[in-house]
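Student: Sequence first, predicted model second:
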2 protein chains.
Amino acid sequence: MSEQGWQQGPGRTNKATRSDPGGITEELTPRQQEVLEVILGCVEQEGRFPSIREIASRLRLASPATVFQHMEALETKGCLRRRGRRWMLDPKVRRDQGIPIVGRVAAGSPLTAVEQIEGQLSADFLGLRKGRFGVRVVGDSMSGEGILEGDYAIVDPAATISNGDLVVAYLGEEQEVTIKRFFKHPWGIELRPANPRYETMRVCEGDPSLRMAGKVVGLMRRF
Amino acid sequence: MSEQGWQQGPGRTNKATRSDPGGITEELTPRQQEVLEVILGCVEQEGRFPSIREIASRLRLASPATVFQHMEALETKGCLRRRGRRWMLDPKVRRDQGIPIVGRVAAGSPLTAVEQIEGQLSADFLGLRKGRFGVRVVGDSMSGEGILEGDYAIVDPAATISNGDLVVAYLGEEQEVTIKRFFKHPWGIELRPANPRYETMRVCEGDPSLRMAGKVVGLMRRF
DNA sequence: CAGACTACCAAACAAACGTTCGGTATGCAA
DNA sequence: TTGCATACCGAACGTTTGTTTGGTAGTCTG
(Lines give C-alpha, C1' and ligand atoms only; values in the text may rest on other atoms or scores of the structure.)
Protein backbone atom coordinates (compact mmCIF):
# COMPACT_ATOMS: atom_id res chain seq x y z
CA MET A 1 0.00 0.00 0.00
CA SER A 2 1.13 3.50 -0.68
CA GLU A 3 -1.97 5.63 -0.44
CA GLN A 4 -0.52 7.60 2.46
CA GLY A 5 0.87 11.08 2.29
CA TRP A 6 4.18 10.44 3.89
CA GLN A 7 7.42 11.44 2.33
CA GLN A 8 9.25 8.38 1.26
CA GLY A 9 12.60 7.57 2.71
CA PRO A 10 15.38 8.80 0.50
CA GLY A 11 17.47 5.71 0.88
CA ARG A 12 21.24 6.07 0.95
CA THR A 13 21.21 9.52 -0.61
CA ASN A 14 21.98 10.94 2.81
CA LYS A 15 25.45 10.04 3.89
CA ALA A 16 26.07 12.69 6.46
CA THR A 17 25.52 16.25 7.41
CA ARG A 18 26.83 19.11 5.38
CA SER A 19 25.96 21.91 7.77
CA ASP A 20 27.12 22.13 11.38
CA PRO A 21 30.78 23.03 11.02
CA GLY A 22 31.10 22.61 14.76
CA GLY A 23 31.10 18.92 14.20
CA ILE A 24 28.98 17.88 17.13
CA THR A 25 26.06 16.50 15.23
CA GLU A 26 28.20 15.09 12.48
CA GLU A 27 27.18 12.08 10.50
CA LEU A 28 23.52 12.41 11.28
CA THR A 29 21.05 11.66 8.55
CA PRO A 30 18.64 14.50 7.78
CA ARG A 31 15.85 12.67 9.51
CA GLN A 32 17.92 12.08 12.61
CA GLN A 33 18.75 15.76 12.67
CA GLU A 34 15.09 16.62 12.50
CA VAL A 35 14.36 14.37 15.44
CA LEU A 36 17.18 15.95 17.45
CA GLU A 37 15.92 19.37 16.46
CA VAL A 38 12.45 18.67 17.80
CA ILE A 39 13.89 17.36 21.05
CA LEU A 40 16.24 20.32 21.49
CA GLY A 41 13.49 22.78 20.74
CA CYS A 42 11.21 21.17 23.27
CA VAL A 43 13.87 21.06 25.96
CA GLU A 44 14.83 24.67 25.36
CA GLN A 45 11.36 26.09 25.19
CA GLU A 46 9.55 24.04 27.75
CA GLY A 47 12.22 22.42 29.83
CA ARG A 48 11.05 18.88 29.29
CA PHE A 49 11.87 15.92 27.10
CA PRO A 50 9.18 15.26 24.53
CA SER A 51 7.55 11.86 24.44
CA ILE A 52 8.27 9.64 21.49
CA ARG A 53 4.69 9.95 20.32
CA GLU A 54 4.93 13.71 20.54
CA ILE A 55 8.03 13.78 18.36
CA ALA A 56 6.25 11.51 15.94
CA SER A 57 3.27 13.82 15.65
CA ARG A 58 5.47 16.87 15.12
CA LEU A 59 7.27 15.11 12.29
CA ARG A 60 3.95 13.72 11.02
CA LEU A 61 4.95 10.17 11.61
CA ALA A 62 2.22 7.70 12.40
CA SER A 63 4.21 5.24 14.45
CA PRO A 64 6.21 5.77 17.62
CA ALA A 65 8.40 2.89 16.52
CA THR A 66 9.83 5.02 13.73
CA VAL A 67 10.95 7.74 16.09
CA PHE A 68 12.21 5.10 18.48
CA GLN A 69 14.54 3.79 15.82
CA HIS A 70 15.85 7.25 15.05
CA MET A 71 16.47 7.82 18.71
CA GLU A 72 18.39 4.58 18.99
CA ALA A 73 20.53 5.78 16.13
CA LEU A 74 21.04 9.10 17.88
CA GLU A 75 22.06 7.19 20.98
CA THR A 76 24.74 5.18 19.21
CA LYS A 77 25.96 8.41 17.63
CA GLY A 78 26.31 9.94 21.05
CA CYS A 79 23.60 12.57 20.94
CA LEU A 80 21.14 10.93 23.30
CA ARG A 81 21.49 8.81 26.40
CA ARG A 82 19.24 6.44 28.26
CA ARG A 83 18.90 5.63 31.90
CA GLY A 84 16.47 2.78 32.20
CA ARG A 85 13.51 3.70 30.07
CA ARG A 86 14.16 7.41 30.24
CA TRP A 87 15.83 9.38 27.54
CA MET A 88 18.04 12.37 28.05
CA LEU A 89 20.24 14.67 26.03
CA ASP A 90 23.95 14.12 25.97
CA PRO A 91 25.53 17.23 27.46
CA LYS A 92 27.55 17.87 24.34
CA VAL A 93 24.52 18.54 22.17
CA ARG A 94 23.01 21.02 24.56
CA ARG A 95 22.89 24.33 22.79
CA ASP A 96 23.15 27.23 25.14
CA GLN A 97 21.62 30.53 24.32
CA GLY A 98 23.87 32.31 21.90
CA ILE A 99 24.04 34.80 19.09
CA PRO A 100 25.96 34.57 15.82
CA ILE A 101 29.27 36.31 15.23
CA VAL A 102 29.08 37.95 11.85
CA GLY A 103 31.85 39.17 9.64
CA ARG A 104 31.46 41.57 6.80
CA VAL A 105 27.95 41.78 5.48
CA ALA A 106 27.22 42.58 1.87
CA ALA A 107 23.58 43.45 2.10
CA GLY A 108 20.53 43.07 4.24
CA SER A 109 20.41 42.15 7.84
CA PRO A 110 23.46 40.32 9.08
CA LEU A 111 21.18 37.77 10.66
CA THR A 112 19.91 36.59 7.30
CA ALA A 113 23.37 36.17 5.80
CA VAL A 114 24.12 32.71 7.07
CA GLU A 115 27.31 32.48 5.03
CA GLN A 116 28.83 35.28 7.04
CA ILE A 117 28.40 33.66 10.41
CA GLU A 118 31.83 33.00 11.85
CA GLY A 119 30.87 31.49 15.15
CA GLN A 120 28.59 31.67 18.10
CA LEU A 121 28.74 34.03 21.05
CA SER A 122 27.43 32.06 23.99
CA ALA A 123 27.78 31.67 27.72
CA ASP A 124 30.02 28.71 27.09
CA PHE A 125 32.17 30.69 24.68
CA LEU A 126 32.74 33.35 27.32
CA GLY A 127 33.66 30.74 29.88
CA LEU A 128 30.57 30.94 32.07
CA ARG A 129 31.14 27.50 33.51
CA LYS A 130 30.49 25.89 36.83
CA GLY A 131 33.10 26.51 39.48
CA ARG A 132 33.93 29.94 38.18
CA PHE A 133 32.68 33.23 39.48
CA GLY A 134 32.45 36.87 38.52
CA VAL A 135 33.97 39.91 40.15
CA ARG A 136 32.98 43.50 39.53
CA VAL A 137 35.99 45.60 38.63
CA VAL A 138 36.64 48.50 41.01
CA GLY A 139 39.12 51.24 40.29
CA ASP A 140 41.10 51.96 37.15
CA SER A 141 44.35 50.18 37.90
CA MET A 142 43.91 48.01 34.78
CA SER A 143 42.41 50.65 32.50
CA GLY A 144 45.59 50.55 30.44
CA GLU A 145 44.56 47.11 29.26
CA GLY A 146 40.96 47.92 28.57
CA ILE A 147 39.59 46.71 31.87
CA LEU A 148 37.39 49.46 33.23
CA GLU A 149 35.51 50.13 36.42
CA GLY A 150 32.17 48.38 36.33
CA ASP A 151 33.31 45.54 34.09
CA TYR A 152 32.83 41.98 35.22
CA ALA A 153 35.82 39.69 35.29
CA ILE A 154 35.20 35.97 34.97
CA VAL A 155 37.50 34.12 37.34
CA ASP A 156 38.55 30.48 37.31
CA PRO A 157 39.89 29.48 40.72
CA ALA A 158 41.03 26.12 39.40
CA ALA A 159 43.16 27.33 36.52
CA THR A 160 46.91 27.12 36.84
CA ILE A 161 48.42 30.58 36.83
CA SER A 162 51.43 31.34 34.69
CA ASN A 163 53.67 34.35 34.46
CA GLY A 164 51.94 37.23 32.74
CA ASP A 165 48.43 36.00 33.43
CA LEU A 166 45.72 38.30 34.66
CA VAL A 167 44.69 37.29 38.15
CA VAL A 168 42.20 38.32 40.79
CA ALA A 169 43.72 38.58 44.23
CA TYR A 170 42.56 39.59 47.66
CA LEU A 171 45.09 42.01 49.06
CA GLY A 172 46.04 43.47 52.41
CA GLU A 173 44.18 43.50 55.68
CA GLU A 174 40.94 44.49 54.03
CA GLN A 175 41.32 41.68 51.52
CA GLU A 176 40.37 44.04 48.75
CA VAL A 177 39.62 42.58 45.35
CA THR A 178 42.16 43.58 42.76
CA ILE A 179 42.98 42.57 39.23
CA LYS A 180 46.63 42.51 38.36
CA ARG A 181 49.11 40.84 36.12
CA PHE A 182 50.94 38.00 37.85
CA PHE A 183 54.67 37.42 37.79
CA LYS A 184 56.62 34.97 39.89
CA HIS A 185 60.22 35.70 40.71
CA PRO A 186 62.87 33.88 42.77
CA TRP A 187 62.31 36.43 45.54
CA GLY A 188 58.52 36.28 45.55
CA ILE A 189 55.47 37.41 43.67
CA GLU A 190 54.90 40.56 41.73
CA LEU A 191 51.46 41.96 40.91
CA ARG A 192 51.69 44.56 38.22
CA PRO A 193 48.91 47.01 37.27
CA ALA A 194 48.45 48.34 33.74
CA ASN A 195 47.99 51.88 34.87
CA PRO A 196 51.38 53.47 35.65
CA ARG A 197 49.74 55.68 38.26
CA TYR A 198 49.45 52.63 40.45
CA GLU A 199 52.33 50.85 42.09
CA THR A 200 53.47 47.36 41.41
CA MET A 201 53.01 45.16 44.44
CA ARG A 202 55.72 42.81 45.57
CA VAL A 203 55.23 40.23 48.30
CA CYS A 204 57.08 37.16 49.48
CA GLU A 205 55.57 33.83 48.69
CA GLY A 206 53.32 32.66 51.48
CA ASP A 207 52.50 36.16 52.67
CA PRO A 208 49.07 35.88 54.32
CA SER A 209 48.06 39.35 53.12
CA LEU A 210 47.88 37.99 49.59
CA ARG A 211 45.31 35.41 48.61
CA MET A 212 44.93 34.41 45.01
CA ALA A 213 41.34 34.06 43.92
CA GLY A 214 42.06 32.74 40.48
CA LYS A 215 42.90 33.48 36.91
CA VAL A 216 40.86 35.91 34.85
CA VAL A 217 39.57 34.00 31.85
CA GLY A 218 37.06 36.48 30.49
CA LEU A 219 35.62 39.92 30.73
CA MET A 220 32.20 41.32 30.11
CA ARG A 221 30.80 44.81 30.01
CA ARG A 222 27.29 46.11 29.67
CA PHE A 223 26.34 49.44 28.10
CA MET B 1 2.15 6.02 63.65
CA SER B 2 5.35 7.92 63.84
CA GLU B 3 8.11 5.37 63.69
CA GLN B 4 9.36 6.69 60.38
CA GLY B 5 12.45 8.74 59.85
CA TRP B 6 10.98 11.57 57.87
CA GLN B 7 11.39 15.17 58.83
CA GLN B 8 8.12 16.43 60.07
CA GLY B 9 6.36 19.32 58.38
CA PRO B 10 7.24 22.55 60.10
CA GLY B 11 3.73 23.84 59.99
CA ARG B 12 3.24 27.56 59.47
CA THR B 13 6.79 28.41 60.49
CA ASN B 14 7.58 28.96 56.84
CA LYS B 15 5.76 31.95 55.52
CA ALA B 16 7.87 32.75 52.53
CA THR B 17 11.33 32.88 51.09
CA ARG B 18 14.04 35.03 52.50
CA SER B 19 16.63 34.44 49.81
CA ASP B 20 16.15 35.10 46.10
CA PRO B 21 16.24 38.89 45.90
CA GLY B 22 15.34 38.61 42.25
CA GLY B 23 11.82 37.88 43.29
CA ILE B 24 11.01 35.17 40.81
CA THR B 25 10.53 32.36 43.23
CA GLU B 26 9.07 34.56 45.88
CA GLU B 27 6.63 33.25 48.42
CA LEU B 28 7.65 29.67 47.99
CA THR B 29 7.84 27.51 51.08
CA PRO B 30 11.22 25.87 51.68
CA ARG B 31 9.86 22.54 50.55
CA GLN B 32 8.43 23.98 47.37
CA GLN B 33 11.79 25.54 46.66
CA GLU B 34 13.47 22.20 47.11
CA VAL B 35 11.10 20.59 44.66
CA LEU B 36 11.74 23.35 42.13
CA GLU B 37 15.44 22.98 42.71
CA VAL B 38 15.37 19.29 41.89
CA ILE B 39 13.37 19.95 38.75
CA LEU B 40 15.65 22.76 37.59
CA GLY B 41 18.73 20.70 38.26
CA CYS B 42 17.38 17.82 36.26
CA VAL B 43 16.34 20.00 33.34
CA GLU B 44 19.68 21.73 33.27
CA GLN B 45 21.86 18.69 33.59
CA GLU B 46 19.96 16.16 31.60
CA GLY B 47 17.52 18.11 29.52
CA ARG B 48 14.43 16.33 30.71
CA PHE B 49 11.68 16.82 33.23
CA PRO B 50 11.98 14.45 36.18
CA SER B 51 9.08 12.18 36.98
CA ILE B 52 7.14 12.84 40.14
CA ARG B 53 8.39 9.62 41.66
CA GLU B 54 11.95 10.60 40.82
CA ILE B 55 11.59 13.93 42.59
CA ALA B 56 10.10 12.07 45.53
CA SER B 57 13.04 9.72 45.80
CA ARG B 58 15.55 12.56 45.59
CA LEU B 59 13.81 14.35 48.44
CA ARG B 60 13.41 11.03 50.26
CA LEU B 61 9.65 11.18 50.13
CA ALA B 62 7.81 7.90 50.05
CA SER B 63 4.70 9.00 48.22
CA PRO B 64 4.37 10.59 44.79
CA ALA B 65 1.24 12.27 46.09
CA THR B 66 3.32 14.52 48.31
CA VAL B 67 5.39 15.81 45.44
CA PHE B 68 2.25 16.14 43.37
CA GLN B 69 0.80 18.51 45.92
CA HIS B 70 3.94 20.61 45.98
CA MET B 71 3.88 20.79 42.22
CA GLU B 72 0.28 21.94 42.22
CA ALA B 73 1.32 24.68 44.62
CA LEU B 74 4.19 25.60 42.32
CA GLU B 75 1.72 25.74 39.45
CA THR B 76 -0.59 28.19 41.18
CA LYS B 77 2.43 30.27 42.10
CA GLY B 78 3.42 30.44 38.48
CA CYS B 79 6.58 28.37 38.50
CA LEU B 80 5.26 25.32 36.70
CA ARG B 81 2.76 24.76 33.93
CA ARG B 82 0.76 21.83 32.73
CA ARG B 83 -0.39 20.78 29.29
CA GLY B 84 -2.64 17.84 29.73
CA ARG B 85 -0.85 15.47 32.05
CA ARG B 86 2.57 16.82 31.19
CA TRP B 87 4.43 19.23 33.38
CA MET B 88 6.77 21.91 32.17
CA LEU B 89 8.74 24.82 33.55
CA ASP B 90 7.38 28.29 33.27
CA PRO B 91 9.85 30.24 31.12
CA LYS B 92 10.45 32.79 33.85
CA VAL B 93 12.01 30.29 36.21
CA ARG B 94 14.41 28.94 33.63
CA ARG B 95 17.90 29.69 34.83
CA ASP B 96 20.38 29.95 32.07
CA GLN B 97 23.91 28.86 32.63
CA GLY B 98 25.53 31.44 34.83
CA ILE B 99 28.08 32.03 37.52
CA PRO B 100 27.73 34.06 40.71
CA ILE B 101 29.06 37.56 41.06
CA VAL B 102 30.86 37.73 44.38
CA GLY B 103 31.79 40.76 46.38
CA ARG B 104 34.35 40.83 49.12
CA VAL B 105 35.08 37.45 50.56
CA ALA B 106 36.15 37.03 54.14
CA ALA B 107 37.47 33.51 54.06
CA GLY B 108 37.40 30.31 52.15
CA SER B 109 36.30 29.82 48.59
CA PRO B 110 34.09 32.57 47.25
CA LEU B 111 31.76 29.93 45.95
CA THR B 112 30.89 28.70 49.40
CA ALA B 113 30.09 32.14 50.75
CA VAL B 114 26.52 32.41 49.59
CA GLU B 115 25.95 35.63 51.49
CA GLN B 116 28.42 37.43 49.28
CA ILE B 117 26.73 36.63 46.03
CA GLU B 118 25.60 39.87 44.48
CA GLY B 119 24.06 38.58 41.32
CA GLN B 120 24.43 36.20 38.46
CA LEU B 121 26.61 36.49 35.39
CA SER B 122 24.71 34.81 32.61
CA ALA B 123 24.12 34.94 28.90
CA ASP B 124 20.93 36.82 29.57
CA PHE B 125 22.73 39.32 31.78
CA LEU B 126 25.18 40.10 29.01
CA GLY B 127 22.38 40.56 26.53
CA LEU B 128 22.89 37.40 24.48
CA ARG B 129 19.32 37.47 23.19
CA LYS B 130 17.67 36.47 19.97
CA GLY B 131 17.86 39.01 17.20
CA ARG B 132 21.22 40.32 18.29
CA PHE B 133 24.58 39.44 16.86
CA GLY B 134 28.26 39.71 17.67
CA VAL B 135 31.02 41.50 15.85
CA ARG B 136 34.72 41.02 16.35
CA VAL B 137 36.48 44.29 17.01
CA VAL B 138 39.16 45.18 14.47
CA GLY B 139 41.62 48.02 14.96
CA ASP B 140 42.22 50.20 17.95
CA SER B 141 40.01 53.16 17.19
CA MET B 142 38.05 52.61 20.40
CA SER B 143 40.92 51.56 22.61
CA GLY B 144 40.54 54.78 24.54
CA GLU B 145 37.30 53.40 25.92
CA GLY B 146 38.54 49.97 26.77
CA ILE B 147 37.40 48.29 23.56
CA LEU B 148 40.33 46.38 22.16
CA GLU B 149 41.11 44.45 19.02
CA GLY B 150 39.79 40.94 19.35
CA ASP B 151 36.93 41.85 21.65
CA TYR B 152 33.42 40.87 20.70
CA ALA B 153 30.76 43.56 20.62
CA ILE B 154 27.17 42.50 21.14
CA VAL B 155 24.96 44.42 18.76
CA ASP B 156 21.23 45.03 18.91
CA PRO B 157 19.95 46.07 15.49
CA ALA B 158 16.53 46.84 16.91
CA ALA B 159 17.56 49.24 19.64
CA THR B 160 16.90 52.93 19.18
CA ILE B 161 20.13 54.87 18.96
CA SER B 162 20.61 58.03 20.97
CA ASN B 163 23.33 60.62 20.93
CA GLY B 164 26.45 59.35 22.58
CA ASP B 165 25.64 55.67 22.12
CA LEU B 166 28.21 53.22 20.89
CA VAL B 167 27.20 51.90 17.49
CA VAL B 168 28.41 49.44 14.91
CA ALA B 169 28.35 50.82 11.41
CA TYR B 170 29.37 49.65 7.98
CA LEU B 171 31.41 52.38 6.36
CA GLY B 172 32.61 53.38 2.93
CA GLU B 173 32.76 51.40 -0.27
CA GLU B 174 34.20 48.39 1.46
CA GLN B 175 31.46 48.50 4.08
CA GLU B 176 34.02 47.99 6.76
CA VAL B 177 32.79 47.19 10.24
CA THR B 178 33.57 49.95 12.71
CA ILE B 179 32.59 50.81 16.24
CA LYS B 180 32.14 54.47 16.95
CA ARG B 181 30.26 56.83 19.18
CA PHE B 182 27.16 58.22 17.50
CA PHE B 183 26.13 61.87 17.42
CA LYS B 184 23.38 63.39 15.34
CA HIS B 185 23.65 67.03 14.33
CA PRO B 186 21.45 69.31 12.25
CA TRP B 187 23.92 68.93 9.39
CA GLY B 188 24.24 65.18 9.54
CA ILE B 189 25.79 62.37 11.49
CA GLU B 190 29.06 62.28 13.35
CA LEU B 191 30.89 59.08 14.24
CA ARG B 192 33.55 59.72 16.81
CA PRO B 193 36.35 57.32 17.75
CA ALA B 194 37.83 57.19 21.21
CA ASN B 195 41.38 57.11 19.96
CA PRO B 196 42.54 60.62 18.96
CA ARG B 197 44.83 59.15 16.32
CA TYR B 198 41.75 58.39 14.28
CA GLU B 199 39.56 60.95 12.62
CA THR B 200 35.99 61.70 13.42
CA MET B 201 33.75 60.85 10.50
CA ARG B 202 31.03 63.19 9.36
CA VAL B 203 28.43 62.27 6.78
CA CYS B 204 25.11 63.68 5.66
CA GLU B 205 22.05 61.80 6.66
CA GLY B 206 21.04 59.32 4.03
CA ASP B 207 24.55 58.84 2.72
CA PRO B 208 24.63 55.33 1.24
CA SER B 209 28.23 54.82 2.30
CA LEU B 210 27.05 54.63 5.91
CA ARG B 211 24.82 51.84 7.10
CA MET B 212 24.04 51.49 10.77
CA ALA B 213 24.17 47.93 12.02
CA GLY B 214 22.90 48.64 15.49
CA LYS B 215 23.67 49.73 18.99
CA VAL B 216 26.41 48.09 21.03
CA VAL B 217 24.79 46.72 24.17
CA GLY B 218 27.61 44.61 25.51
CA LEU B 219 31.20 43.59 25.18
CA MET B 220 33.06 40.40 25.87
CA ARG B 221 36.69 39.45 25.88
CA ARG B 222 38.46 36.14 26.30
CA PHE B 223 41.92 35.69 27.74
C1' DC C 1 21.19 -9.49 -8.71
C1' DA C 2 21.68 -9.64 -3.49
C1' DG C 3 22.84 -7.13 0.59
C1' DA C 4 22.81 -3.23 3.38
C1' DC C 5 20.93 0.89 4.86
C1' DT C 6 17.32 4.36 5.68
C1' DA C 7 12.56 5.14 6.47
C1' DC C 8 8.33 4.03 7.68
C1' DC C 9 4.07 1.26 9.29
C1' DA C 10 0.40 -1.33 12.68
C1' DA C 11 -0.40 -3.76 16.72
C1' DA C 12 0.44 -5.10 21.12
C1' DC C 13 2.58 -5.37 26.03
C1' DA C 14 4.27 -4.35 30.47
C1' DA C 15 6.15 -0.77 33.09
C1' DA C 16 5.93 3.77 34.59
C1' DC C 17 3.32 7.60 34.83
C1' DG C 18 0.16 11.40 36.67
C1' DT C 19 -3.57 11.56 39.54
C1' DT C 20 -7.14 10.83 43.18
C1' DC C 21 -8.65 9.49 47.65
C1' DG C 22 -8.74 9.22 52.51
C1' DG C 23 -5.98 9.69 56.26
C1' DT C 24 -2.20 11.38 60.06
C1' DA C 25 0.78 14.88 62.15
C1' DT C 26 2.34 19.52 63.33
C1' DG C 27 2.37 24.41 64.23
C1' DC C 28 0.07 28.84 64.07
C1' DA C 29 -3.79 32.26 64.40
C1' DA C 30 -8.35 33.46 65.73
C1' DT D 1 -10.48 24.84 70.86
C1' DT D 2 -11.52 25.15 66.33
C1' DG D 3 -9.83 26.19 61.88
C1' DC D 4 -6.40 26.41 58.49
C1' DA D 5 -2.04 25.65 56.18
C1' DT D 6 1.94 22.83 55.40
C1' DA D 7 3.75 18.31 55.05
C1' DC D 8 3.48 13.69 54.54
C1' DC D 9 1.63 8.71 53.96
C1' DG D 10 -0.24 4.22 51.35
C1' DA D 11 -3.21 2.30 48.02
C1' DA D 12 -5.42 2.35 43.94
C1' DC D 13 -6.98 3.77 39.03
C1' DG D 14 -6.67 4.65 34.32
C1' DT D 15 -3.64 6.52 30.96
C1' DT D 16 0.59 7.14 28.65
C1' DT D 17 4.87 5.63 28.02
C1' DG D 18 8.99 3.20 26.01
C1' DT D 19 9.63 -0.88 23.71
C1' DT D 20 9.19 -5.14 20.76
C1' DT D 21 7.78 -7.62 16.77
C1' DG D 22 7.16 -8.29 12.08
C1' DG D 23 6.46 -6.21 8.02
C1' DT D 24 6.75 -2.90 3.38
C1' DA D 25 9.29 0.15 0.51
C1' DG D 26 12.94 2.85 -1.72
C1' DT D 27 17.98 3.56 -2.85
C1' DC D 28 22.55 2.86 -3.03
C1' DT D 29 26.98 -0.43 -3.19
C1' DG D 30 29.33 -4.40 -4.58
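Tutor: Arrived safely, thanks for sending. Numbers count the residues shown, from 1 in each chain, chains lettered A, B, ... in the order given.
Student: going on from the least confident helix or strand in chain A by mean pLDDT, what's the next piece of helix or strand?
Tutor: Lowest on mean pLDDT, DSSP states H and E among the helices and strands of chain A sits strand A:98-102, with a mean of 70. Per DSSP states H and E, the first helix or strand lying C-terminal to strand A:98-102 is strand A:117-122.
Student: packing partners for the helix or strand that that next one is followed by?
Tutor: Following strand A:117-122 in sequence order, the next helix or strand is helix A:123-126 (DSSP H and E). On a contact count with 3 or more C-beta pairs under 8 Å, 6 or more residues apart in numbering or on different chains; DSSP states H and E, helix A:123-126 meets strand A:98-102, helix B:123-126, strand B:210-222. Just so you know, the C-beta spots here come from the backbone N, C-alpha and C atoms, and that holds for glycine as well.
Student: Okay, buried residues for the longest helix seen in chain A please.
Tutor: Secondary structure assigned by DSSP state H gives helix A:30-46 as the longest helix of chain A. Residues of helix A:30-46 classed as buried by neighbour count (16 or more other C-beta atoms under 10 Å in any protein chain shown): A:31-33, A:35-36, A:38-40, A:42-43, A:46.
Student: Go ahead and name everything in contact with that helix.
Tutor: With contact meaning C-beta atoms under 8 Å, 6 or more residues apart in numbering or on different chains, helix A:30-46 is reached by A:9-10, A:14, A:17, A:25, A:28, A:48-50, A:54-55, A:58-59, A:67, A:70-71, A:73-74, A:77, A:79-80, A:89, A:93-95, B:43, B:47-48, B:88-89, B:91.
Student: near DNA strand C too, which of the buried residues of helix A:30-46?
Tutor: With C-beta under 7 Å from any atom of the strand as the criterion, these include A:31-32 near DNA strand C.
Student: Pipe the buried residues of helix A:30-46 into CSV and attach distance to DNA strand D and pLDDT per row.
Tutor: Formatted as CSV, these follow (distance: C-beta to the nearest atom of the strand, whole Å; pLDDT from 0 to 100):
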residue, distance to DNA strand D, pLDDT
A:Arg31, 12, 87
A:Gln32, 15, 88
A:Gln33, 18, 87
A:Val35, 12, 90
A:Leu36, 15, 90
A:Val38, 12, 89
A:Ile39, 10, 91
A:Leu40, 15, 89
A:Cys42, 11, 88
A:Val43, 13, 86
A:Glu46, 13, 83
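Student: Using CSV, lay out the buried residues of helix A:30-46 together with distance to A:Leu219.
Tutor: Formatted as CSV, the buried residues of helix A:30-46 follow (distance: C-beta to C-beta, whole Å):
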residue, distance to A:Leu219
A:Arg31, 42
A:Gln32, 39
A:Gln33, 35
A:Val35, 39
A:Leu36, 34
A:Val38, 37
A:Ile39, 34
A:Leu40, 30
A:Cys42, 34
A:Val43, 30
A:Glu46, 34
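Student: From DNA strand C, how far out is A:Arg83?
Tutor: 10 Å (C-beta to the nearest atom of the strand, to the nearest Å).
Student: Let me know the pLDDT of that residue.
Tutor: Looking at A:Arg83, its pLDDT stands at 88.
Student: My understanding was that A:Phe183 contacts A:Arg192; is that so?
Tutor: Yes: in this structure, A:Phe183 is within contact of A:Arg192 by C-beta atoms under 8 Å, at 6.3 Å.
Student: domain parsing for chain A?
Tutor: Structural domains of chain A, as assigned by automatic domain parsing, span the residue ranges A:20-93, A:133-220.
Student: ok, is the last one in contact with chain B or not?
Tutor: The one in question is domain A:133-220. Yes: using C-beta under 8 Å from any C-beta of the partner chain, domain A:133-220 reaches chain B at A:133-136, A:143, A:145-148, A:151-152, A:154, A:157, A:165-166, A:170, A:174-177, A:213, A:215-220.
Student: that older thread, nearest to DNA strand C among the buried residues of helix A:30-46?
Tutor: A:Arg31 (3.4 Å; C-beta to the nearest atom of the strand).
Student: just to revisit the earlier point, quick check: the farthest pair among the buried residues of helix A:30-46?
Tutor: A:Arg31 and A:Glu46 (22.6 Å; C-beta to C-beta).
Student: Low-confidence bits of chain A, can you list those?
Tutor: Within chain A, the segments meeting pLDDT under 70 span A:1-26, A:95-99, A:103-117, A:172-175.
Student: pretty sure A:Arg150 is in a helix, no?
Tutor: Slight slip there: residue A:150 is Gly, not Arg. No: assessed with DSSP: H, G, I helix; E, B strand; the rest coil, A:Gly150 is coil; it does not lie in a helix.
Student: OK, contacts around it?
Tutor: A:136-137, A:221.
Student: Same question for A:Glu145.
Tutor: A:Glu145 neighbours (C-beta under 8 Å, 6+ apart): A:166, A:194, B:148.
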